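1. need coordinates for the following:
(one chain, ligands or ions: 1)
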Amino acid sequence: MIIGIDLGTTNSLAAVFKDGKAVIIPNRLGGHLTRSVVSIGDNGEVLAGDTAWERMQKYPYTAAAVFKRSMGSKKKFMLSGREFTAEELSSFILRYLKEDAETFLGEEVTEAVISVPAYFNDARRRATKRAGELAGLKVERIISEPTAAAISYGIYHKKEHTRFLVFDLGGGTFDISVLELYNNIIEVRSVAGDNFLGGEDFTRVLMDMFLKEHGIEEKELTEKELARLRREAERCKLSYSDSGEHKIVCKIGDREYTSTVSEKDYEDNCSELLERIKKPVRKSLSDAKIRLKDIDMVIPVGGATRLPIVQRFMTRLFEQFPRNEVNPDEAVALGAAVQSAIKERNEAIREVVLTDVCPFTLGTEVSIEKEDGFFEPGHYCPIIERNTVIPASRTERLYTIRDNQKRISINVLQGESRFAQNNVSLAEFDVKIPRAKAGEEAVDVTYTYDINSILEVEVKIVSTGEKIRRIVKGQELDMTDEEIEKRMEELSYLKIPPREQEANRLVIAKADRLYEELTGDERVALEMALRKFENALDKHDDEFTGQALTELNSLMKDLEERFL
Ligand code: AMP
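-> Numbering: from 1, shown residues only. Predicted structure coming up:
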């Protein structure tokens, strides 16, 4: 069985194409979203999702979050004294999702289509594939998140030429993509974004408003008070989309402070953030050479697009209402599931063809002739420009610049700078050429960049027809099959605890956190309820456990509302 997975920075989720449509796979807690947080438990077990998040609040050194940002890098995360890379941590999330899917479907899941941001370069895409392999999933296809979101809207049913824009405002990142559909082909025409703009910044605005109103400096706050304020501000932020009270109540020191923030005030204070959204939008449109008024459809993705302030802003900016038929948190996973069905050649959607874009310009280093006739080395000659639809193949002819020149050096570069040294060198090699007068010998350099982000460089010596080919795999070395196997073995001692007990684990982790934050009678009451629950668990008495769980949950809700 093959499933679609949205491996997100904040949350991850899986979906499957079943009975002619894509459906979200519930996780072990019955929810749709699994937090992209991993924690290593006391007995070396791997915890993921909400339980890991709860543990992170109390024991930050056992847990890691937002590791997606480090995919494809060598950065090591230390969890309970053990080191992991971002792809290994991602593989734990994928293991959870795989297990949940297998329970949901009642059969083994062996393969997945995983989505990645459109701007993910080669190394980061491959790291995502490896994460899948480490989780025991074959990942033949990586799909861009905006493409997946567009597919979830059933874009391929449209007959006419359509241009659309995917507006993805997540927890900490903003990605904008312009896509085009014609003749059943979906193309990502351009991508742009801001890696440091997201829903959290909108929470931050409320925190700042609160601090300013009460004349409190942030540095006066303890870590716990700051965390509490963030929670309260987050709660207030969500109230704008669910008609709750727009209030922040937070105890600082011995005093309780309250702020009521009208939507208008909030919107005014968000103006700078909203301005920042415009820049990548402009860039994506100009790169795609599409005018704003030619956009037929705006697709919102990511939790923060639920904010009415953001929706109004989008409506004003694009002069049309953003679509709302698909849950913005689920669009990418649903689209990935449709794509997995395409891969399986499911009849219902066979006609769809997908393409992607190359997220960076790929080129080579050249020397440029100056006015005085001398050649200046170190310049950049783009071959495949960023946002070119892939698979793409482009050729540039390079000439010798000296008499009797013996070789031409090929420096394969990735980046946007005019100067070679500012771009990333992916590979370097020399090609021997016959001696001749300057400018009489030439090579045709062909770059072919495929859907799996593998670059093939072919250099053909024009006079002899001799060809030299290189496969360029980026800066990071790929793991061999043996290495993956070895690492899988190393990681296999880390067990995922039985999924049936996840709800209980989550409750205990949450109670542990609240216990630390409370004092006095409330703490005692919580401890009693928790003990009762743990006793019931030990006795394997289902009825008693259920009752104790209900009591504990309602007590925690009450305590959280009243004291935290
Ligand atoms: P994502 O990374 O797509 O899961 O988005 C997470 C971000 O969306 C967080 O900053 C959340 O606070 C925000 N978010 C989720 N639901 C809502 C909502 N109903 N209103 C406003 N923001 C939301």
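
2. lowest-scoring secondary structure element of this protein by mean pLDDT?
-> strand 353-354 (a mean of 45; mean pLDDT, DSSP states H and E).

3. run the chain-centre distance for stretch 430-450.
-> On the basis of Cα atoms, centre = their mean, to the nearest Å, stretch 430-450 sits 40 Å off its chain's mean C-alpha point.

4. please shift the residue numbers so they start at 54 in all later answers.
-> Okay, residue one is now 54; in that scheme the one you just asked about reads as stretch 483-503.

5. would you work out how far apart the start and end of that stretch are?
-> Distance across stretch 483-503, first residue to last, is 24 Å (Cα to Cα, to the nearest Å).

6. what's it in contact with?
-> Contact partners of stretch 483-503, identified using Cβ atoms under 8 Å, 6 or more residues apart in numbering, comprise 411, 415, 417, 436-437, 441, 443-463, 465, 508-517, 521. (Each C-beta comes from the backbone N, C-alpha and C, glycine too.)

7. report all helices and strands that the helix ranked longest in the chain contacts.
-> In terms of residue count, the longest helix belonging to the chain (DSSP state H) is helix 595-616. Where contact means 3 or more Cβ pairs under 8 Å, 6 or more residues apart in numbering; DSSP states H and E, helix 595-616 is packed against helix 555-570, helix 573-592.

8. out of those helices, deepest packed?
-> Among the helices and strands packed on helix 595-616, ranked by average contacts under mean count of other Cβ atoms under 10 Å, first place goes to helix 555-570 (a mean of 19).

9. shaky segments in the stretch 404-553 of the chain?
-> For the stretch 404-553 of the chain, the stretches flagged by pLDDT under 70 are 404-410, 504-506, 526-532.

10. residue ranges of the helices in it, please?
-> 534-545 (DSSP state H, counting those that start in this stretch).

11. just the strands in it please.
-> Remark: strands assigned in the stretch 404-553 of the chain by DSSP state E, counting those that start in this stretch are 406-407, 409-410, 415-422, 428-437, 442-443, 445-452, 460-467, 477-485, 495-502, 508-514, 520-525.

12. which residues outside the fourth one are in contact with it?
-> Put plainly, it is strand 428-437. The contact list for strand 428-437, computed with Cβ under 8 Å, 6+ apart, reads 411, 414-423, 445, 447-449, 451, 454, 466, 468, 470-474, 476, 498, 500, 502.

13. closest to the ligand out of the strands of the stretch 404-553 of the chain?
-> Of all the strands of the stretch 404-553 of the chain, strand 409-410 sits nearest to the ligand, with 21.3 Å by Cβ to the nearest ligand atom.

14. coming back round to it: is it possible to get TSV of the helices and strands packed on helix 595-616 that adds distance to the ligand?
-> Formatted as TSV, the helices and strands packed on helix 595-616 follow (distance: least, Cβ to the nearest ligand atom, whole Å):
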stretch	distance to the ligand
helix 555-570	19
helix 573-592	27
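
15. let me have these in JSON lines, adding mean pLDDT and distance to Leu60 as columns.
-> As requested, these are exported to JSON lines (pLDDT from 0 to 100; distance: least, Cβ to Cβ, whole Å):
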{"stretch": "helix 555-570", "mean pLDDT": "87", "distance to Leu60": "19"}
{"stretch": "helix 573-592", "mean pLDDT": "89", "distance to Leu60": "32"}
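
16. can you list those in JSON lines and add distance to Ile204?
-> Shown next, in JSON lines, are these (distance: least, Cβ to Cβ, whole Å):
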{"stretch": "helix 555-570", "distance to Ile204": "31"}
{"stretch": "helix 573-592", "distance to Ile204": "43"}
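
17. sorry, back to before: okay, buried residues for the longest helix of the chain please.
-> For helix 595-616, the buried set under the neighbour-count rule, 16 or more other Cβ atoms under 10 Å, comprises Thr598, Ala601, Leu602, Leu605, Asn606, Leu608, Met609, Leu612.

18. return the member of the residues you listed nearest to the ligand.
-> Set against the ligand, the nearest of the buried residues of helix 595-616 by Cβ to the nearest ligand atom is Met609 (21.3 Å).

19. my guess is that closest one meets Leu579, correct?
-> Yes - at 7.2 Å, Met609 counts as touching Leu579 under the criterion of Cβ atoms under 8 Å.

20. list residues touching both of the two?
-> By Cβ under 8 Å, 6+ apart, Met609 and Leu579 have these common neighbours: Ala564, Leu567.

21. just to revisit the earlier point, kindly reformat the strands of the stretch 404-553 of the chain as JSON lines and extend each row with mean neighbour count and distance to Ile549.
-> JSON lines is the format used below for these (neighbours: other Cβ atoms under 10 Å; distance: least, Cβ to Cβ, whole Å):
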{"stretch": "strand 406-407", "mean neighbour count": "16", "distance to Ile549": "33"}
{"stretch": "strand 409-410", "mean neighbour count": "26", "distance to Ile549": "33"}
{"stretch": "strand 415-422", "mean neighbour count": "20", "distance to Ile549": "40"}
{"stretch": "strand 428-437", "mean neighbour count": "16", "distance to Ile549": "42"}
{"stretch": "strand 442-443", "mean neighbour count": "17", "distance to Ile549": "36"}
{"stretch": "strand 445-452", "mean neighbour count": "15", "distance to Ile549": "41"}
{"stretch": "strand 460-467", "mean neighbour count": "19", "distance to Ile549": "37"}
{"stretch": "strand 477-485", "mean neighbour count": "15", "distance to Ile549": "37"}
{"stretch": "strand 495-502", "mean neighbour count": "20", "distance to Ile549": "37"}
{"stretch": "strand 508-514", "mean neighbour count": "19", "distance to Ile549": "37"}
{"stretch": "strand 520-525", "mean neighbour count": "14", "distance to Ile549": "36"}
